[in-house]
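Q: Model the following, please.
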Amino acid sequence: MSIYANVKNYELRYSDFDFKDELKLSALLALTQESAGASADELGFGYDDLKPKGLGFIVVHTYCEFRRPIALGDKLTVETWPLPPRHVIFERDYRVRDAKGEEVAALASRWCLVDLENFSLLMPEKLGEAHQKCPYRAEKSVEVPVWKIPKTDGEEVRRYVAVASDCDHYLHVNNARYADLFLDCFTMEELRSRKIGAFQIAYVKQVKEGASLVFTRKDEEGSSTLEAYADGELCSQFKVFYV
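A: Numbers count the residues shown, from 1 in each chain. Model (predicted):
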């Protein structure tokens, strides 16, 4: 029996790249989101399979390590597969390769299956036959140092009100959009002078249109941690590691 993976090629657009001609973190997250969706469709628990049942998947953590910057002109292939679920956590890993087949990034993600009416967490058995027949693959693309990002006492650096264009079909701010919101807490000069080797995002609480967000930031040797709060509640965390 062959080892399952969904493999998809992507043609990148100019708008996927930043002012340094490097792939935006949000664009990379969007590619992995597309790949995850395509894989779930193949396995029988995609968006169209689950929505009529009132079910859906939401991502709660993503970790990425870069092997090199992804530059304008690169053509990417994303390989993804689901790992055996644990309790209410579904893991999915990704390998991103260039046109030569060389790995340029590796990502790990954690998802939860939810009841779309109240967003309560559900067990894998709720997927029924699709879960029973899923060819889960235990291989990891990258080892995550630690999933939990410790809370910080960072200084306020930005305020933002979530708008309709930030939101996806679950009516909350899309996971890929957070990368732009967090990186906008840096100046262009700061981003130009620092090379990102890895990053991590935790999605703690849903943010809806109209929510007033306060962003904080704390810089340490080799890394920065940013947090987003709405009405004093932690909504999301972002940690970036420099090389």
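Q: Given the helix or strand where residue 114 lies, what are its sheet partners and their directions?
A: Assigned by DSSP states H and E, residue 114 belongs to strand 103-115. Using DSSP bridges, the strands paired with strand 103-115 in its sheet are strand 55-66 (antiparallel), strand 90-97 (antiparallel), strand 121-122 (antiparallel).
Q: quick one, domains of this structure?
A: The chain breaks down into these domains under automatic domain parsing: 6-133, 155-242.
Q: Same list (these) but as JSON lines, adding mean pLDDT, distance to residue 144 and mean neighbour count.
A: All C-beta spots, glycine's among them, are computed from the backbone N, C-alpha and C. Shown next, in JSON lines, are these (pLDDT from 0 to 100; distance: least, C-beta to C-beta, whole Å; neighbours: other C-beta atoms under 10 Å):
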{"stretch": "domain 6-133", "mean pLDDT": "97", "distance to residue 144": "5", "mean neighbour count": "17"}
{"stretch": "domain 155-242", "mean pLDDT": "97", "distance to residue 144": "8", "mean neighbour count": "17"}
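Q: quick one on the thing from earlier: which of the strands paired with strand 103-115 sits closest to residue 240?
A: For the strands paired with strand 103-115, proximity to residue 240 was assessed by C-beta to C-beta; strand 55-66 is nearest, at 10.0 Å.
Q: Extract the C-alpha trace of the strand holding residue 114 and format it as CSV.
A: Taking Å, rounded to 0.1, in the frame of the first residue of the first chain, the C-alpha atoms of strand 103-115 are listed here in CSV:
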residue,chain,number,x,y,z
GLU,A,103,12.7,21.4,0.2
VAL,A,104,12.4,25.1,0.9
ALA,A,105,10.0,25.0,3.9
ALA,A,106,8.4,22.5,6.3
LEU,A,107,5.2,23.1,8.2
ALA,A,108,3.2,21.4,10.9
SER,A,109,-0.4,22.3,11.9
ARG,A,110,-3.0,21.4,14.4
TRP,A,111,-6.8,21.5,13.6
CYS,A,112,-10.0,20.8,15.5
LEU,A,113,-13.3,19.4,14.2
VAL,A,114,-16.1,21.6,15.4
ASP,A,115,-19.9,21.8,15.5
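Q: Go through the strands paired with strand 103-115 and name the closest to residue 167.
A: strand 55-66 (13.1 Å).
Q: Need the contact partners of the next helix or strand after that closest one.
A: Sequence-wise, the next helix or strand downstream of strand 55-66 (DSSP H and E) is strand 76-82. The contact list for strand 76-82, computed with C-beta atoms under 8 Å, 6 or more residues apart in numbering, reads 3-10, 12, 31-32, 34-36, 39, 43, 70, 90-98, 101, 104, 134, 136-137, 139.
Q: for stretch 33-46, same thing?
A: For stretch 33-46, with C-beta under 8 Å, 6+ apart as the criterion, the contacting residues are 6, 8, 10, 47-49, 57, 59, 78-82, 92, 94, 109, 111, 127, 129-131, 133-135, 175-176.
Q: distance between the longest helix anywhere in the chain and the chain's centre?
A: In the chain, assigned by DSSP state H, the helix with the most residues is helix 25-43. Distance of helix 25-43 from the chain centroid (C-alpha atoms, centre = their mean, to the nearest Å) equals 9 Å.
Q: and if you look at stretch 86-106?
A: Worked out by C-alpha atoms, centre = their mean, stretch 86-106 lies 11 Å from the chain centre.
Q: From one end of that stretch to the other, what's the distance?
A: End-to-end span of stretch 86-106 (C-alpha to C-alpha, to the nearest Å): 21 Å.
Q: next one: the helix or strand harbouring residue 182 to chain centre, how far?
A: Per DSSP H and E, residue 182 falls inside helix 175-183. Distance of helix 175-183 from the chain centroid (C-alpha atoms, centre = their mean) equals 9 Å.
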